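> Structure, please.
(one chain, ligands or ions: 1)
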Amino acid sequence: MTADQSIAPASPRPAEPSTDRDAVRLRGARLSYGRRLLWDGLDLDVRPGEFLAVLGPNGSGKTSLLRVLLGLQGLSGGTVEVAGGTPGRGDRRIGYIPQQRSMDTSVTLRGRDLVGLGLDGHRWGVGLRGIRDRRRRVTEALAAVGATDYADQPVGLLSGGEQQRLRVAQALVGDPEVLLCDEPLLSLDLAHQRVVSELIDRRRRAANTAVLFVTHEINPVLPLVDRVLYLVDGRFRVGPPAEVMTSETLSELYGTTVEVVRVRDQILVVGAQGPHCVEQPHHLGEH
Ligand SMILES: Nc1ncnc2c1ncn2[C@@H]1O[C@H](COP(=O)(O)OP(=O)(O)OP(=O)(O)O)[C@@H](O)[C@H]1O
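Got it, this is the predicted structure:
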């Protein structure tokens with residue numbers, strides 16, 4: 001398998017009603033930490049196979065939303081369902097690519113073993129056949145992200161980008177129904193940004209996996225995005241990029257004049273304060 005091939009679904013999913021139900025469903029969702037309200041009244045349905053980009057300035061609650069969907073953080077109000085059930089810790093129907101944090105050089109776990117942690121032992125069974133199937137899945141996942149060459153090295157000695165590719169493989173190897181990505185392209189070079197985003201895209205098309213993709217920079221994934229959830233200081237907007245990424249909508253959300261400029265197939269968001277915002281388009285809250 002070459003680096004640009006997708007990881008095929010492990011086996012055809014049984015004809016369950018998953019195509020009829022939302023992959024993610026939030027109703028009247030509220031999250032606050034003490035007196036700090038991150039968002040309230042959030043209704044969101046994400047369909048199987050849909051690619052939802054989650055945008056917003058620092059501290060707007062993007063990672064917290066993923067934590068709610070992972071069952072690591074309870075809502076302060078409203079309801080949440082993921083893959084038809086209440087999210088729970090270690091739910092294998094959910095793949096998660098965490099925000100990049102470099103692993104300590106003392107971590108001796110091999111890349112191959114890190115990816116294997118994404119597999120559910122029960123589902124793959126025990127015995128020789130189960131072991132062979134698991135090994136094959138891990139090998140395919142490693143190849144799909146182009147990590148075969150360093151699969152047997154300790155992950156602590158790999159570069160940030162190499163570690164990130166292993167995390168992507170780990171999230172996909174378990175054949176998830178919902179894939180939660182927290183800035184997965186950070187620290188990847190342009191070529192591997194493309195490899196990883198195409199991999200995620202092909203995966204969701206082949207297996208109808210819903211993707212929630214937190215990012216500060218929409219442009220690398222713009223062609224893949226079906227809808228955007230844009231969070232700013234307790235306010236939010238959900239819709240296709242053409243509706244949300246407009247001067248009118250973002251000015252309303254930020255409560256200040258914001259210009260959205262389209263240059264070829266790129267979207268640039270410019271704050272009223274000065275052109276420096278162009279370089280970090282989604283960090284307007286900091287300026
Ligand atoms: N467990 C917690 N207890 C109290 N406050 C928290 C907790 N987790 C997050 N926060 C606060 O909630 C706010 C939102 O955090 P979150 O990490 O969800 O934002 P974000 O939109 O992902 O930000 P960034 O773009 O910087 O990653 C931050 O101000 C953060 O300090």
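> What's the separation between Gly130 and the ligand?
Distance of Gly130 to the ligand, given as CB to the nearest ligand atom, to the nearest Å: 38 Å. Every residue, glycine included, has its C-beta placed from N, CA and C.
> how about that residue, secondary structure?
helix (DSSP: H, G, I helix; E, B strand; the rest coil).
> Now do the helices in the chain.
Per DSSP state H, the chain carries helices over the ranges 62-69, 111-116, 121-124, 127-144, 160-173, 190-207, 241-244, 247-254.
> Mean pLDDT lowest where, among the ones you listed?
Ranked on mean pLDDT, the bottom entry among these is helix 121-124, at a mean of 54.
> distance between the ends of stretch 100-113?
18 Å (CA to CA, to the nearest Å).
> could the helices of the chain be laid out in a markdown table, adding mean neighbour count and distance to Pro87?
Output for the helices of the chain, formatted as a markdown table (neighbours: other CB atoms under 10 Å; distance: least, CB to CB, whole Å):
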| stretch | mean neighbour count | distance to Pro87 |
| --- | --- | --- |
| helix 62-69 | 22 | 6 |
| helix 111-116 | 22 | 23 |
| helix 121-124 | 13 | 18 |
| helix 127-144 | 17 | 23 |
| helix 160-173 | 24 | 16 |
| helix 190-207 | 18 | 19 |
| helix 241-244 | 16 | 25 |
| helix 247-254 | 17 | 27 |
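> between these, which one is nearest to Gly234?
helix 247-254 (10.0 Å; CB to CB).
> Say whether the ligand is contacted by the closest one.
No - if you take CB under 6 Å from any ligand atom as the test, helix 247-254 misses the ligand, and the best it gets is 13.6 Å.
> try stretch 171-184
No - Stretch 171-184 lies out of reach of the ligand by CB under 6 Å from any ligand atom, never closer than 7.3 Å.
> closest to Tyr33 out of the helices of the chain?
helix 62-69 (8.2 Å).
> any idea how far that closest one is from the chain center?
Centroid separation for helix 62-69 versus its chain: 10 Å, with CA atoms, centre = their mean, to the nearest Å.
> Check stretch 100-115 too.
Centre to centre, stretch against its chain (CA atoms, centre = their mean), the figure for stretch 100-115 is 20 Å.
> got the end-to-end distance for it?
Length of stretch 100-115, first residue to last, CA to CA: 16 Å.
> Contacts for that stretch, please.
When contacts are defined by CB atoms under 8 Å, 6 or more residues apart in numbering, stretch 100-115 is touched by residues 138, 141-142, 147, 150-158, 160, 162-164, 166-167, 169-170, 173, 183-184, 186-187.
> who's the closest residue to Asp152 other than its chain neighbours bridged to?
Nearest residue to Asp152, sequence neighbours excluded (CB to CB, 6 or more residues apart in numbering): Arg110, at 5.3 Å. In this entry, Arg110 is beta-bridged to Pro154, by DSSP bridges.
> The closest residue to Arg205 other than its chain neighbours: what's it in contact with?
Closest residue to Arg205 apart from its sequence neighbours, by CB to CB, 6+ apart: Gly49 at 6.8 Å. Residues in contact with Gly49 (CB under 8 Å, 6+ apart) are Arg204, Arg205, Asn208, Thr209, Ala210.
> what's the spacing between the first one and Gln100?
The one in question is Arg204. 21 Å (CB to CB, to the nearest Å).
> again, but for Thr249
From Thr249 to Gln100 the distance is 29 Å (CB to CB).
> got it, and Gly116?
Taken as CB to CB, the span from Gly116 to Gln100 is 21 Å.
> What of Glu162?
On the measure of CB to CB, Glu162 and Gln100 end up 11 Å apart.
> Glu183: how many residues sit nearby?
Look at Glu183: counted by other CB atoms under 10 Å, it has 19 neighbours.
> my read: it touches Gln99, true?
Yes - assessed by CB atoms under 8 Å, Glu183 is found in contact with Gln99 at 5.4 Å.
> what residues do the two have in common as contacts?
In contact with both Glu183 and Gln99: no residue, using CB under 8 Å, 6+ apart.
> can you pull the contacts of Val80?
Counted by CB under 8 Å, 6+ apart, Val80 has contacts Val24, Arg25, Leu26, Arg27, Ala29, Val68, Leu69, Thr86, Pro87.
> These into a markdown table, with extra columns for distance to Glu177?
Conversion of the contacts of Val80 to a markdown table gives the following (distance: CB to CB, whole Å):
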| residue | distance to Glu177 |
| --- | --- |
| Val24 | 10 |
| Arg25 | 13 |
| Leu26 | 16 |
| Arg27 | 19 |
| Ala29 | 20 |
| Val68 | 17 |
| Leu69 | 12 |
| Thr86 | 14 |
| Pro87 | 12 |
